[in-house]
Each structure stands twice: as C-alpha cells, then as structure tokens.
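> Fold the following, please.
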Amino acid sequence: MTQPLPTPSWSHARAAWTMVLATLMWSIAGVVTRQLQAAQGFEITFWRSFFNVLSLLVILPLWQGPGVFARFPWRRGAFWLSGVCWSVMFTAFMVALTMTGVARVLVTMALGPLLTALLARAITGHRLPGRTWAAIVAAGAGMAWMFAGQLGGSTTATEWLGSLVALGIPVGAAVNWTVVQRSQAHGESIDLVPAVLLGAVLSCAVTLPLAWPAQATGHDLAWLAMLGLLQLAVPCVLVVLCARVLPAAEVALLGLLEVVFGILLVWLIAGEAPQPEVLQGGILVVGALAVNEWLGWRSAQREPQVPIGPA
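Sure thing, here's the model as predicted:
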C-alpha cells in the first residue's frame, strides 16, 4: 500500500488561492500556442506532454524522496483511472486549440463544474451547499453568454469539431476530481499526484505516432518545454493537492478562472480581441466565483482545518 509523505495542513482559503494560481498557470497555453513557428496539431501535444514527463521525473523525487517511483500504486484502479483522465485532458486541450479559437475551447470547458457536481453527487454522495449550486448556475449563465459572443462570426466545420474535441476536457476533469475526492473520503492511503506523470506518459504514447514528421524548431521546443513545466507539471500537482481539501465541484468551479485568464491573455498579448459578450460573461463568472469563495471562507472560519494526505 502506498504511503505518501506527510504534507502540512491546508486551510480552505489556502487551497482556494492555490487553485487560482494553478488556473493562471494553465491559462498561458493559448498565448504560447500562438508563438509557435512550425509545430502543429499532435506534435504540439506530444512535446508538451514529453516535457511534462521530464519535469515530473525531477519534481517528484525532489519533493517525495528518491524512492517515490517504487511507491507508485500500480495495482490501484484509481491510479490508472486518474492517469487516463489526465491523458485525455492533456491531449484534447492542445488538439482542440489547433482546430478552433482559444475562447471557444475555454468556453466549452465550462461544462466542468456541472458535470463534476452531478458525478460527485452520484458516486460519493457529497452534498454541495446552496451557495456552490448558485455559483455553478451563475457561472454557467456567464459562460453561455460568452459562448453567444463567439457565435457572432462564421464557424467552419473544423472549428465545430474542435469544440467537440474540447468536450473531452470537462468530462475527464469531472471523473478525475471525483476519483480524488472518493479516495480521500474513503480514507484510502493512495497518492494520486503520480497519476499526473502517468497521464503525461500515456499522452506521449498516443500522440507520438501522429506527431511525425516532426517540424518543431528550436524556438518551438523552448516554448513547449516551458508549457510542460509551468503550464502542466507544476499546476497539475498543485490541483491534485487542492482536490484533497476542496470539494470536487469547487475545484472544477474555480478551474473556470482558466477561461477568464486565458481569454484576457490572448487578448492582451496575442491580439485576439473577444466579443463584448465574452467580457460581460467573464465578469459574471468571476463575480460568481468571488461570492462563492467569500461565503466559503466565512464558513471555514468556524471549522477546523482539513489536512492534506491520507486519513
């Protein structure tokens, strides 16, 4: 049985702010993708996942000790299921970005909180407070309004296909956060942080045959190496830790900040100006998240801190 190294206790507020940081790091993908010179499609996905693997091969031993790989829970179904979910999320995201606009991909991901809430309720029986359901509805309305803004122009078949590919992201996320929460709720001594590495390896294996002939320049590889470390390895590890403290639906809800941050970054840096509806919807999303977290913070002040780690 896997025995992860003990981790200091995290408060609800600390976990929430860590999620905000992780979503900001996630959101740089759209901007970086627009900087690439030659790499396309599956090659982008392969190199990003490859550099994610290299980063985690360094991060995990430094963090959990040189014996971390021997402690991987290879015989646990939750480990493999979480790894497959990460692989789907890694692969679908980058492939979708090469097929359609950044805003359309990110808005499609807005289904995540609702899917996660429903799945977590069915699998773990976890009941969400009314404030979180209200936030999901409000954020969903903001996302719908943002999506309406993206329909203002003509949409090609490839762009619609990109939106369908992007649906794999919220589905994979919903299953993943529920797996983490279920393992935690049942007191299973299993560390699912290494599942991020497994997901990256699976993503590499799936996309390698489709990535040839490789066209990435040295310039492209430098950008993709940064994505592998700062946009995948570090934030994904942080999110797994947050998911041990926050309810699965709240993790997915906070994850919507990636949409807002991502659209703003490609607007400010890459010049992809969003429709007015996108900005208006983004304000509604941020407002819903802020109110939900403020109410959650007030509630958490009257509760003991929840430790990260096995029960």
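
> so what pLDDT did the residue nearest to residue 16 when sequence neighbours are not counted get?
Counting by Cβ to Cβ, 6 or more residues apart in numbering, residue 16 lies nearest to residue 293, which is 5.3 Å off, once chain neighbours are set aside. All C-beta atoms are positioned from the backbone trio N, CA, C, and that covers glycine. For residue 293, the pLDDT comes out at 71.

> ok, residue 293 - how many residues close by?
24 (other Cβ atoms under 10 Å).

> From residue 127, how far off is it?
19 Å (Cβ to Cβ, to the nearest Å).

> repeat for residue 97
From residue 97 to residue 127 the distance is 36 Å (Cβ to Cβ).

> Could you do residue 276 as well?
From residue 276 to residue 127 the distance is 37 Å (Cβ to Cβ).

> same thing with residue 223?
Taken as Cβ to Cβ, the span from residue 223 to residue 127 is 43 Å.

> ditto for residue 55
37 Å.

> who's more crowded, the two?
The neighbour comparison of residue 55 against residue 127 (other Cβ under 10 Å) goes to residue 55, with 21 against 11.

> from the middle of its chain, how far away would the host helix or strand of the more buried one be?
Assigned by DSSP states H and E, residue 55 belongs to helix 41-64. Distance of helix 41-64 from its chain centroid, counting by Cα atoms, centre = their mean, to the nearest Å, is 15 Å.

> Quick one: mean pLDDT over that helix.
90.

> mind listing what's buried in it?
Buried residues in helix 41-64, counted by 16 or more other Cβ atoms under 10 Å: 41-53, 55-56, 59-60, 64.

> Do me a favour and get the end-to-end distance for stretch 33-42?
12 Å (Cα to Cα, to the nearest Å).

> thinking again about what came up before, hang on, isn't the residue nearest to residue 16 packed against residue 14?
No - applying Cβ atoms under 8 Å, one finds residue 293 not in contact with residue 14, separated by 11.9 Å.

> Phi and psi next, for residue 10.
phi -120, psi 140 (degrees, to the nearest 10).

> wait, residue 211
According to degrees, to the nearest 10, residue 211 has phi -90, psi -10.

> got it, and the one 4 residues further on?
Note on residue 215: its backbone torsions stand at phi -120, psi 0 [degrees, to the nearest 10].

> What's the per-residue pLDDT of it here?
86.

> Correct me if wrong: it contacts residue 39.
Yes - taking contacts as Cβ under 8 Å, residue 215 lies within contact range of residue 39: 6.1 Å.

> Tell me which of those two has more neighbours.
The neighbour count for residue 215 versus residue 39, taken as other Cβ under 10 Å, is higher for residue 39 (24 against 14).

> Any figure for the gap between that one and residue 76?
Distance from residue 39 to residue 76, by Cβ to Cβ: 35 Å.

> got it, and residue 286?
Distance from residue 286 to residue 76, counting by Cβ to Cβ: 37 Å.

> Tell me which of these two has more neighbours.
Taking other Cβ under 10 Å, residue 286 and residue 76 do not tie; residue 76 has more neighbours (19 against 16).

> how about that one, phi and psi?
Per degrees, to the nearest 10, the residue geometry at residue 76, taken as phi and psi, is phi -100, psi 130.

> Give me the below-cutoff pLDDT ranges for the stretch 101-250 of the chain.
For the stretch 101-250 of the chain, the stretches flagged by pLDDT under 70 are 102-103, 106, 126, 147-155, 184-190.
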